[in-house]
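Trainee: coords please:
(chains A and B)
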2 protein chains.
Amino acid sequence: MAYKRVVILGGGFAGVYTAMYLERHLHGCSDVEIVLINNENYLVFQPMLPEVISGNMGILDTVSPIRRLCPRTKLYVRRVEDVDVVNKTVVLSPGFRPRSLTIKYDHLVVALGNVTDFRGMSGLHDHAMPFKTLADALRLRDHLIHVLAEADIETDPELKEQLLTFVVAGGGFSGVECCAEMADFVRRAARSYHRIKASDIRCVLVHSRERILNREMPESLGLYGQKILTKRGVELQLNHRLKAASPEFAVLDDGTRIPTKTLVSTVPSSPNPVVENMDVPKVKGRIISDLEMQVQGFEDVWALGDCALVPSPTGEGYCPPTAQFAIRQAKTCADNIMASFGRNKGKRKQFKFKELGKMAQLGHRTAIAQLFGWLNLHGFFAWVFWRAIYWVKLPGLDRKIKVGASWFLDLLVPPELVQTKLDVPSAMTHEHYEPGEIVFREGDLGDRLYIIVNGEAEVYHDTGQGGAPVARLGAGEVFGEFSLLENKSRSASVRCVDAMDVITIAKSEFGPLVTYLPSLRQSFESMMQTRLDGNGTPSESSQSHE
Amino acid sequence: MAYKRVVILGGGFAGVYTAMYLERHLHGCSDVEIVLINNENYLVFQPMLPEVISGNMGILDTVSPIRRLCPRTKLYVRRVEDVDVVNKTVVLSPGFRPRSLTIKYDHLVVALGNVTDFRGMSGLHDHAMPFKTLADALRLRDHLIHVLAEADIETDPELKEQLLTFVVAGGGFSGVECCAEMADFVRRAARSYHRIKASDIRCVLVHSRERILNREMPESLGLYGQKILTKRGVELQLNHRLKAASPEFAVLDDGTRIPTKTLVSTVPSSPNPVVENMDVPKVKGRIISDLEMQVQGFEDVWALGDCALVPSPTGEGYCPPTAQFAIRQAKTCADNIMASFGRNKGKRKQFKFKELGKMAQLGHRTAIAQLFGWLNLHGFFAWVFWRAIYWVKLPGLDRKIKVGASWFLDLLVPPELVQTKLDVPSAMTHEHYEPGEIVFREGDLGDRLYIIVNGEAEVYHDTGQGGAPVARLGAGEVFGEFSLLENKSRSASVRCVDAMDVITIAKSEFGPLVTYLPSLRQSFESMMQTRLDGNGTPSESSQSHE
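Mentor: Residues are numbered from 1 along each chain as shown, chains lettered A, B, ... in the order given. Here you go, the predicted structure:
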């Protein structure tokens, strides 16, 4: 047998377990090279991710390093940029040098899962936080501590209320578990903030159906979950969808605006863009595989996990997108790849599996579970069961030891309040504003420059007479430059008129840009001159578009 | 007694312990409000910070939340922007709204420590990593895992060597402990990377004196420390100073260039800029305090810790900038503030303290220690002693439990490999290049636009004939725009001629900027036209400045 290379795209359960099962077949032979490509160097165990929020569990223990799980696999921590199934190549994003990397394959395993996709939903990309990776969870945790700290010293009751409102969109496993854990954490942590009362905190879960976990759990458990969440003070917004987001609020489909600085969105999921661009048969963006995990019409392309449409072994419908199925699909896939290399006498296997059960944690030592399709559990006992099952499933002895120890200590110590503050303020941001929303007020510090991408804004003065507009601005126009160039506070207020997207540049970066880019300086100078001339009067308050 | 507000600036040992001792005096009285202002919401226990690198200890356990240490203090997690000792006010950076916050004080305690200051050292701000906060340590850890992952798949031996070279500048406690832990971690972690041999790894410690820890430790222990580090494969560059840094190397004062992607600098320290701007008596940037911690000429301003020059209680010289001294100074300061409120019959105290000892951890279960000024310890026993002392000193029972558990588990489990990847690639960066250094090569992906702030570069083609320059660029000029606008790879190479500073804008941000800012688009279009015309020929390879 000649030297072969199997390239696996994606480091979720499907991808990592395919690599693990392939490694078991190798028995020290070196005629097959296994390559795995993933954005992150770890496997996320999604149900454990909410534990990062409370911070009591060692943060790195909630995920497992792929290198430890499949030590003989060559891991590329890069992004997949392109797949060419005709020439059998995969193109990866550059590393330290700006050159992309092309890898040839003999067999390709596509296990790219799906991605959180905010396209077509105004402002979600800019103002909603995803909850998929360790970095997402850590950022959310940091953000929660930040808003608590600010709420504690805030004297404006309106801003304080907004800071203490927490919104999660999505009533599937991920949204429910994240919301439950978040509600738990902010309430427990708030005890250390003397100017925050538990009753000041508002947690909202937005879900598009009439009950949570409607696809994942039977009705009785879903309703039980709702009862628990409501008891904990989580407000359920059922039959509603998140439509848009701005720096100041979450907008629901009926136009309701919930003022908040914390919006987590676990919906919607859509196929990975790489899968979208692949030239293989698909239905609704998912790759069509058979019960052998092989892609229709290809001898050397395999697809499994959430990005694939695998027929259900029962003959009805398709496999659900869960870890349980992904792991068993991975075994079938690895076996069949080895069979195509002539191992096991070339005999292929068909995917067979019956779901064991489903569980969801509801925070505060409560959970719901359905086992074998008929046994429903809820409450504390289900929670103990949840922990026991996931502890057994945790890959690697070191993880088992560490997580076990953390879970034990977690009973003894209060929630962790350390904020890591890893986020560096961005030099450039994209922001979305809804009609009527104020971008900045007269007297604010001039901290950013705004470039309108689309929509409209108006400039006005806070005269107390309702604020008559002095100018109207549209796409391609700039505002906020005056106080940046003159180092003054804002000389007028700006309000969004027509839903507006802007690019902003921080003052710290705008300064050097204008200083060192002569053409930019000239264009700003002439723009300011025009605005001054156009107004006729040189008085500061009315001359500029700020 | 009227209501009084004590405002403490800084959350290091000096500031936090002042708040803690003040709280003890309050006994439930509410006539004194204690306010503490700090960038971070935690107290860093500097000697534990290197433990973040290995990741075995719960990352958040290496620091302590200030809110837990002094629960009755009002904590502002903001930056101090200005202090006015005449009007008795402190100005803080804005929170969620762009308005600064002014706080009035009755007593002011200045405990701002010092900051890592790279001013005047070319490129250090852009290319060297500091090591002061939890975020710094986490970023370094992530970076180390990133370079290991890239080195593992790199085929160019030169780049691989560069990726596996780790440089630390500064031979004080912080630099030595960071270097020892880092050397330990990369060597142990490298075992999981099959294409990295331990012998490929190079760790360099740069120190300006003839031996490490020359100010902190007696000669015998310093030399022992050097022996241990050398045995571990750390290369010592003594009597050398770091002069500059670029994306590709660290430059020493004798012009030596060490190719590396990992440069940590723990020197030089300089006073906090806020202290620099304060109108109080200072010597070499440090505020002059007396043995009562009061600032010369002020009844209501106190200064202690690293930012203050406190006379030594022995009568000779000044207190060293260590935690031991800061903690005892804090007690004196708190007592005297309360005395000025009429407590303790108004009796003031003088600072008295004799240093107990000094310790440094050298990684791999070795340490050096000097106790009571005469008892020198080294090796494993000193390391056990180090852990025991620091465990006892750890503030709070929850920290003691968690750190104890982590230290125990750390004996059982291999180093943690999870990379959190919290850093978002910057839209704009500042970079420094040294003469002869290549900025990008023909054929590279066009990922950034470059604006020259100062220095000079030349554009050339990799013809194999030494690369004759086709153009020379200076301050205010732009390069790299062609492949960005045309979406092609670089059509020429660019090399730095005269030490050069540039601002870069990422392609992902340059696109929208040029699209939505008409004036910018026009200026780029006319610049490209000029360059095309200037060359006369429309052939792609020679027409542009790339």
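Trainee: so what's the residue of the stretch 251-400 of chain A found nearest chain B up against?
Mentor: Residue nearest to chain B within the stretch 251-400 of chain A: residue A:398 (3.9 Å; CB to the nearest CB). Backbone N, C-alpha and C define where each C-beta goes, glycine included. Applying CB atoms under 8 Å, 6 or more residues apart in numbering or on different chains, we find residue A:398 in contact with A:68, B:412, B:413, B:414.
Trainee: so which strand or helix has the closest residue to the third one other than its chain neighbours?
Mentor: The one in question is residue B:413. Excluding the flanking residues, the one nearest residue B:413 by CB to CB, 6 or more residues apart in numbering or on different chains is residue A:398, at 3.9 Å. According to DSSP states H and E, residue A:398 maps onto helix A:397-409.
Trainee: next, the angle from that helix to helix B:397-409.
Mentor: 160 degrees (axes from the mean of the first three to the mean of the last three CA atoms, to 10 degrees).
Trainee: moving C-terminal of helix A:397-409, what's the next helix or strand?
Mentor: strand A:428-433.
Trainee: report the rounded mean pLDDT for the very next helix or strand once past that next one.
Mentor: Per DSSP H and E, the first helix or strand lying C-terminal to strand A:428-433 is strand A:438-440. Averaged across strand A:438-440, the pLDDT comes to 94.
Trainee: which residues are in contact with strand A:438-440?
Mentor: By CB under 8 Å, 6+ apart, the list of residues contacting strand A:438-440 reads A:433, A:450, A:457, A:480, A:490, A:493, A:494, A:495, A:496, A:502, B:98.
Trainee: follow-up on the earlier one: any of the contacts of residue A:398 buried? List them.
Mentor: A:68, B:414 (16 or more other CB atoms under 10 Å in any protein chain shown).
Trainee: next, give me the two most distant ones among the contacts of residue A:398.
Mentor: With CB to CB as the measure, no two of the contacts of residue A:398 lie farther apart than A:68 and B:412, at 14.5 Å.
Trainee: go ahead and list the helix or strand containing residue A:387.
Mentor: According to DSSP H and E, residue A:387 maps onto helix A:380-393.
Trainee: before we move on, back to that, in the helix holding residue A:398, what counts as buried?
Mentor: Neighbour-count burial for helix A:397-409 flags A:398, A:399, A:402, A:403, A:405, A:406, A:409 (criterion: 16+ other CB under 10 Å).
Trainee: and if you look at stretch A:515-534?
Mentor: A:516, A:517, A:519, A:520, A:523, A:524, A:528, A:531.
Trainee: okay, the residues you listed in TSV with secondary structure, pLDDT and distance to chain B next?
Mentor: Formatted as TSV, the buried residues of stretch A:515-534 follow (DSSP: H, G, I helix; E, B strand; the rest coil; pLDDT from 0 to 100; distance: CB to the nearest CB, whole Å):
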residue	secondary structure	pLDDT	distance to chain B
A:516	helix	82	5
A:517	coil	78	6
A:519	helix	73	3
A:520	helix	76	6
A:523	helix	76	3
A:524	helix	78	8
A:528	helix	76	12
A:531	helix	76	13
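Trainee: nearest to residue B:109 among those?
Mentor: residue A:516 (41.0 Å).
Trainee: now the closest residue in space to residue A:109 that isn't next to it in sequence: which helix or strand?
Mentor: Nearest residue to residue A:109, sequence neighbours excluded (CB to CB, 6+ apart): residue A:8, at 4.3 Å. Per DSSP H and E, residue A:8 falls inside strand A:4-9.
Trainee: hmm, who's touching that strand?
Mentor: Against strand A:4-9 from outside (CB under 8 Å, 6+ apart): A:15, A:18-19, A:22, A:31-37, A:73, A:80, A:83, A:90, A:103-112, A:274, A:337, A:341.
Trainee: do stretch A:16-30 and chain B meet?
Mentor: No: judged by CB under 8 Å from any CB of the partner chain, stretch A:16-30 stays clear of chain B, getting no closer than 11.7 Å.
Trainee: show me where the stretch 1-150 of chain A has its helices.
Mentor: Taking DSSP state H, counting those that start in this stretch as the criterion, the stretch 1-150 of chain A contains helices spanning A:13-26, A:50-54, A:66-69, A:124-127, A:134-153.
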